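Participant: mind folding the following:
(2 chains)
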Amino acid sequence: MRKTIDACGLSCPEPVLLLKQDIDDAEEIELHVDNQASVNNCCRFARSKGFCVSVGGGGGKYTLTLTKG
Amino acid sequence: MKQKLSVTLAGLAVGLVAVCLGVFGNPANMALCVACFIRDTAGSLGLHRAETVQYMRPEIIGIVFGAFFTGLAKKEFASKGGSSPYTRFLLGVCVMVGALVFLGCPLRMVLRIAGGDMNAVVGLLGFALGILTGIFFLNKGFSLKRSYDQPAVEGFGLPAANALLLILLVASPALLFFSANGPGSMHAPLLMSLAGGLIVGAAAQRSRLCFIGGVRDAVMFKDFHMLMPFAVVFATVLIGNLATAKFAFGFEGQPLAHTEWVWNVLGLYLVGFGSVLLGGCPLRQLVLASCGNSDAAVTVLGFFAGSAICHNFGLASSGAGTSAGGRVAFVVCMAFAFATATANTRILHKAREVLT
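Facilitator: From the prediction side, this is the model:
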């Protein structure tokens, strides 16, 4: 199942919390965040859960594509 | 791996700067403290008149500039705001009240432990419990809601204000208040303090250094990498203190500390709890504010207001212990923190939706 999460504008650690809620029953997740700290935190968490991560965007708008790997 | 190295180096940088500033004149076990140094700066501006804690700390200005210029260089500066600013201001006041009950922010707690101050080890228990309480509410859906893009002037506000403070300090110190004795009178040379702050600000910006993030992320996500700077700062400062004969183990007679263990626990409990609700420790708030986050800037203003309130009304603790007013202020702030946490959880929102 593919999911989309909009975590833009949320304080640390809410983006990772939102990801944590959905990561167990998703095959692919598109995650939107707006700062580098959230990119780093979400990438680290997703990788620890066995997902492959690709990061796109920049300039304050990032899209992380997480695929179960 | 890269992030682990980054936080390790940041911890090393903070530890080395603290040791150097301690050797060159900053107060013992208080070579770097965001809460105390904001309090001293508030005093130098006349926001409070506690004569022993008034000095425009260049470290704060340096941290702001270090984070600001690093954020600009890395294209991470962005004007954002609008996430419950008034609540954040008041939580900033609460965190400062907790810090001045204990006498230090989480960074100073680590420096005190590394100096052998066992009162801070007791305080660490409260700090961890406060973070766990914050985690409880985060897991229940606590949120201060989203921030949004803001006009550039909003994000440049705090760095610009600090530029003005630096100009005042260098060009017109007669306008400021400076302590003649007490901790406010103890300080390293201006340029060294400024340089130390710049290093800490830059390192904290690059590594996202946060003293609550370590415990919080370890408990919530089994992510232990942010605990590393805690350990590295402790080890670096411990070695520095042993090498310079500044280590003194025990509870009694510790510099700028009291032995009321209950209040050491409770003070840092409020700091830990409030910081989790805010999304970062006082150092992290200062760094975020320097990179355009006006919610964090409002929180920093809350720190200033909190320190002024504490010292104008005799709420801050001293080496002799806590004050009656400080204990009352603590209860009020704790009640506010719990009310805020409860009112902003998703469970309550859902209940409200059902009712309507």
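
Participant: now for chain A: which helix has the highest residue count?
Facilitator: For chain A, the longest helix by residue count, based on DSSP state H, is helix A:36-48.

Participant: which residues does that one contact?
Facilitator: A:7, A:10, A:12-13, A:15-16, A:19-20, A:23, A:29, A:31, A:33, A:53, A:55, A:62, A:64, A:66, B:3, B:74, B:76, B:208, B:217, B:221-223, B:225 (Cβ atoms under 8 Å, 6 or more residues apart in numbering or on different chains). All C-beta atoms are positioned from the backbone trio N, CA, C, and that covers glycine.

Participant: so which bits of that helix are buried?
Facilitator: For helix A:36-48, the buried set under the neighbour-count rule, 16 or more other Cβ atoms under 10 Å in any protein chain shown, comprises A:36-46.

Participant: which one of the residues you listed is nearest residue B:275?
Facilitator: Residue B:275 lies nearest to residue A:37 out of these, by Cβ to Cβ, at 15.4 Å.

Participant: kindly provide the distance from the closest one to residue B:311.
Facilitator: The gap separating residue A:37 from residue B:311 is 33 Å, by Cβ to Cβ, to the nearest Å.

Participant: could you find the closest non-adjacent residue to residue B:97?
Facilitator: The shortest distance from residue B:97 to any non-neighbouring residue, by Cβ to Cβ, 6 or more residues apart in numbering or on different chains, is to residue B:333 (4.7 Å).

Participant: burial count for the one you found?
Facilitator: Other residues near residue B:333 come to 24 when the count uses other Cβ atoms under 10 Å in any protein chain shown.

Participant: packing partners for the helix or strand it falls within?
Facilitator: Using DSSP states H and E, residue B:333 sits within helix B:324-343. Other elements packing on helix B:324-343 under the criterion 3 or more Cβ pairs under 8 Å, 6 or more residues apart in numbering or on different chains; DSSP states H and E are helix B:85-102, helix B:118-139, helix B:261-278, helix B:294-312.

Participant: what comes up buried for it?
Facilitator: So for helix B:324-343, counting by 16+ other Cβ under 10 Å, buried means B:326-327, B:329-330, B:333-334, B:336-337, B:340-341.

Participant: could you save those residues as JSON lines and add columns showing pLDDT?
Facilitator: Output for the buried residues of helix B:324-343, formatted as JSON lines (pLDDT from 0 to 100):
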{"residue": "B:326", "pLDDT": "98"}
{"residue": "B:327", "pLDDT": "98"}
{"residue": "B:329", "pLDDT": "98"}
{"residue": "B:330", "pLDDT": "98"}
{"residue": "B:333", "pLDDT": "98"}
{"residue": "B:334", "pLDDT": "98"}
{"residue": "B:336", "pLDDT": "98"}
{"residue": "B:337", "pLDDT": "98"}
{"residue": "B:340", "pLDDT": "97"}
{"residue": "B:341", "pLDDT": "97"}
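
Participant: can I get those in a markdown table with distance to residue B:301?
Facilitator: Below are the buried residues of helix B:324-343 laid out as a markdown table (distance: Cβ to Cβ, whole Å):
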| residue | distance to residue B:301 |
| --- | --- |
| B:326 | 21 |
| B:327 | 25 |
| B:329 | 18 |
| B:330 | 21 |
| B:333 | 16 |
| B:334 | 21 |
| B:336 | 17 |
| B:337 | 18 |
| B:340 | 17 |
| B:341 | 21 |
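
Participant: contact partners for the residue nearest to residue B:157 when sequence neighbours are not counted?
Facilitator: Computed as Cβ to Cβ, 6+ apart, the closest residue to residue B:157 that is not its neighbour in sequence is residue B:297, at 5.9 Å. For residue B:297, the contacting residues are B:81, B:157-158, B:289, by Cβ under 8 Å, 6+ apart.
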